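Enquirer: Here is my input; please provide its structure:
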Amino acid sequence: LQEFIHESFLQIESTDQALDLLGKFHALLQRESLRPYLNTKYLDIFNNFSHDLDVVQNIYETLKDDPPTPRNAPPVARRILWVRHTLKMIE
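Expert: Below you'll find the predicted structure:
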């Protein structure tokens, strides 16, 4: 069963998908033998999310003074579009 769970997590591409999958395995948390393994998966997911946040922060810090924006939009609208795009990367 642990091998199946491990293989399932290898196919996951995002933190959101990993949390959904872990929620599906929540009933298995009642089994004492799988509880430590699933708890380590929670830690792995949050470590990956922390890494994702670091990447977004680096992108923000690098591009905040001159963000990539559409050419014909007014300056304030360009910045708003860029900030929204950065927020979607976090979500």
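
Enquirer: Okay, now the unreliable bits of the protein?
Expert: In the predicted model, the chain carries pLDDT under 70 at residues 29.

Enquirer: where along it do the strands fall?
Expert: Using DSSP state E, the chain contains no strands.

Enquirer: mind listing what's buried in the lengthiest helix in it?
Expert: Counting residues, the longest helix in the chain under DSSP state H turns out to be helix 35-63. For helix 35-63, the neighbour count (16 or more other C-beta atoms under 10 Å) marks Leu38, Lys41, Ile45, Phe49 as buried. Yep, even glycine has a C-beta here, placed from its N, CA and C like the rest.

Enquirer: ok, the third one touching Gln17?
Expert: In other words, Ile45. No - using C-beta atoms under 8 Å, Ile45 is not in contact with Gln17, being 9.8 Å away.

Enquirer: Share the number of residues neighbouring the closest residue to Leu53 other than its chain neighbours, please.
Expert: Distances taken as C-beta to C-beta, 6 or more residues apart in numbering place Ile90 nearest to Leu53, at 6.7 Å, with adjacent residues excluded. Residues near Ile90, counting by other C-beta atoms under 10 Å, number 12.

Enquirer: Relative to Ser14, how far out is Ile90?
Expert: 12 Å (C-beta to C-beta, to the nearest Å).

Enquirer: Kindly report the same for Leu63.
Expert: 22 Å.

Enquirer: residues contacting the residue sitting nearest the centre point of the chain?
Expert: Centroid-nearest residue in the chain: Thr15, 3.7 Å away (criterion: C-alpha atoms, centre = their mean). Shown in contact with Thr15 (C-beta atoms under 8 Å, 6 or more residues apart in numbering): Ile45, Asn48, Phe49, Asp52.

Enquirer: and which of the residues you listed is nearest Asn72?
Expert: Minimum distance to Asn72 across the contacts of Thr15 is 31.4 Å, recorded for Asp52 (C-beta to C-beta).

Enquirer: That closest one and Ile80: what is the separation?
Expert: 23 Å.

Enquirer: Need the nearest residue in space to Ser8, chain neighbours excluded.
Expert: Leu21 (5.9 Å).

Enquirer: Quick check on the residue of the chain most remote from its centre: phi, psi?
Expert: Centroid-distance maximum for the chain: Asn72 at 31.8 Å, with C-alpha atoms, centre = their mean. With angles defined as degrees, to the nearest 10, Asn72 sits at phi -90, psi 0.
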